[in-house]
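*Asks:* Structure for this input, please:
(one chain, ligands or ions: 3)
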Amino acid sequence: MLLAIDCGNTNTVFSIWNGTEFLATWRTSTEWQRTADQYFVWLSTLMKMRGIEAEIDEMIISSTVPRVVFNLRVLGDRYFNCRPLVVGKPDCRLPVAPRVDAGTQVGPDRLVNTVGAWDRHGGDIVVVDFGTATTFDVVDTDGAYVGGVISPGVNLSLEALHQAAAALPHVDVSKPEKVIGTNTVACMQSGIFWGYVGLVRGICDRIRAERDRPMRIIGTGGLAPLFAQGDMLFDDIEDDLTMHGLTVIHSYNKETA
Ligand SMILES: Nc1ncnc2c1ncn2[C@@H]1O[C@H](COP(=O)(O)OP(=O)(O)OP(=O)(O)O)[C@@H](O)[C@H]1O
Ligand SMILES: CC(C)(CO)[C@@H](O)C(=O)NCCC(=O)O
Ligand SMILES: [K+]
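*Replies:* Residues are numbered from 1 along each chain as shown. Ligands and ions are numbered 1, 2, ... in the order given. Just a heads-up that it's a prediction; the model follows:
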């Protein structure tokens, strides 16, 4: 059984894949100090609660935080008797090599997203992921990652506004009914919600113009469904794209071993 781990700058997601379906998915905050023993106690407790008796013997990791990889490797070594495959490391091959500037270290989550999206939707697509950052990743006709856009994440922008301006409270992102807010919170929510709708629309339009061919837009990440309510931004929304990409990369590496 495969344990797939998607470690972002804010949250880390663990999923158990039996080769056909995900048996369970759990989320924890990303903390590089967390030890292999702590991961194991947490994970085995959750598995027991769900009655999952899966014998984990394989692992794949995508981590945007290099420091957490060490303890996740120890987790594999000590508790699951396996050597994890780590996306971005030389021994983890991708189905199609990215075409970017030499020496560029593309975020593994972005590469994994493009592999997952290509597997489900084919080429000529843009993946928009609303995580810590809002990223746009362009997949060429042949499935290659050919670059993209990195913007500040939605929650990050809201937090920055609150941190920098004494009179601005912490607010949650939501869709306001009107653009013109008549109180502080409504004004901030409008700026964030309609601001990001405009950002996504504007960047996708420019990508389309630059590529000069039809491109489908796939939204993913916790906030994608919310932003999909704002405008016809996406052709499709997927809630498990990164996890799907991890399973595709894992089987590709097994088949071509
Ligand atoms: N309406 C909402 N307002 C604020 N946050 C939301 C809302 N809906 C979902 N979320 C948040 O989205 C997050 C899930 O997002 P996702 O996993 O895509 O990225 P992340 O964990 O924030 O970032 P990263 O993957 O970079 O660590 C969850 O933390 C969830 O709380
Ligand atoms: C952009 C983020 C933070 C999004 O999670 C991550 O993919 C990352 O750290 N990327 C490294 C730089 C790059 O992707 O070009
Ligand atoms: K993510």
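
*Asks:* ok, the residue of the stretch 101-250 of the chain found nearest ligand 3 - contacts?
*Replies:* Using Cβ to the ion, the closest approach of the stretch 101-250 of the chain to ligand 3 is made by Gly131 at 3.7 Å. For the C-beta atoms, the positions are set from N, CA and C on the backbone; glycine is no exception. By Cβ atoms under 8 Å, 6 or more residues apart in numbering, the residues touching Gly131 are Gly8, Asn9, Thr10, Asp109, Gly153, Gly221, Gly222.

*Asks:* and if you look at Val128?
*Replies:* Contacts of Val128 (Cβ under 8 Å, 6+ apart): 134-136, 200, 204, 217-221, 224, 233-234.

*Asks:* Same check on Ala167?
*Replies:* Thr184.

*Asks:* how much space between the residue in the stretch 1-150 of the chain that ligand 1 sits nearest to and Gly76?
*Replies:* Nearest to ligand 1, among the residues of the stretch 1-150 of the chain, is Gly8, at 2.2 Å (Cβ to the nearest ligand atom). Gly8 sits 19 Å away from Gly76, going by Cβ to Cβ, to the nearest Å.

*Asks:* now do Gly153
*Replies:* The gap separating Gly153 from Gly76 is 29 Å, by Cβ to Cβ.

*Asks:* Quick one: name the residues of the stretch 151-257 of the chain near ligand 1.
*Replies:* When proximity is defined by Cβ under 6 Å from any ligand atom, the stretch 151-257 of the chain lies next to ligand 1 at Asn155, Asp172, Val173, Ser174, Gly221, Gly222, Leu223, Leu226.

*Asks:* surely the third one meets Leu156?
*Replies:* This points to Val173. No: Val173 is beyond contact range of Leu156, at 10.9 Å (criterion: Cβ atoms under 8 Å).

*Asks:* Spatially nearest residue to whichever residue of the stretch 51-200 of the chain sits closest to ligand 2 (excluding sequence neighbours)?
*Replies:* Nearest residue of the stretch 51-200 of the chain to ligand 2: Gly107, at 1.9 Å (Cβ to the nearest ligand atom). By the measure of Cβ to Cβ, 6 or more residues apart in numbering, the closest residue to Gly107 outside its immediate chain neighbours is Thr64, 5.3 Å from it.

*Asks:* which residues touch that neighbour?
*Replies:* Cys7, Gly8, Asn9, Gly107, Pro108, Asp109, Thr132.

*Asks:* quick one: the strands in this structure?
*Replies:* With DSSP state E, the ranges of strands along the chain come out as 2-7, 11-17, 22-29, 58-63, 85-86, 125-130, 133-139, 145-152, 216-220, 236-238.

*Asks:* got a list of what Val200 touches?
*Replies:* Val200 is in contact with Val128, Thr134, Phe227, Leu233, counting by Cβ under 8 Å, 6+ apart.

*Asks:* Name the nearest residue to the residue in the stretch 151-257 of the chain positioned nearest to ligand 1, ignoring sequence neighbours.
*Replies:* Closest approach between the stretch 151-257 of the chain and ligand 1, counting by Cβ to the nearest ligand atom: Gly222, at 2.3 Å. Of all residues not flanking Gly222 in the chain, Phe130 sits nearest, at 6.4 Å (Cβ to Cβ, 6+ apart).

*Asks:* all helices in the stretch 101-250 of the chain, in order from the N-terminus.
*Replies:* All helices of the stretch 101-250 of the chain, identified by DSSP state H, counting those that start in this stretch, fall at 108-121, 154-164, 184-211, 224-228, 241-255.
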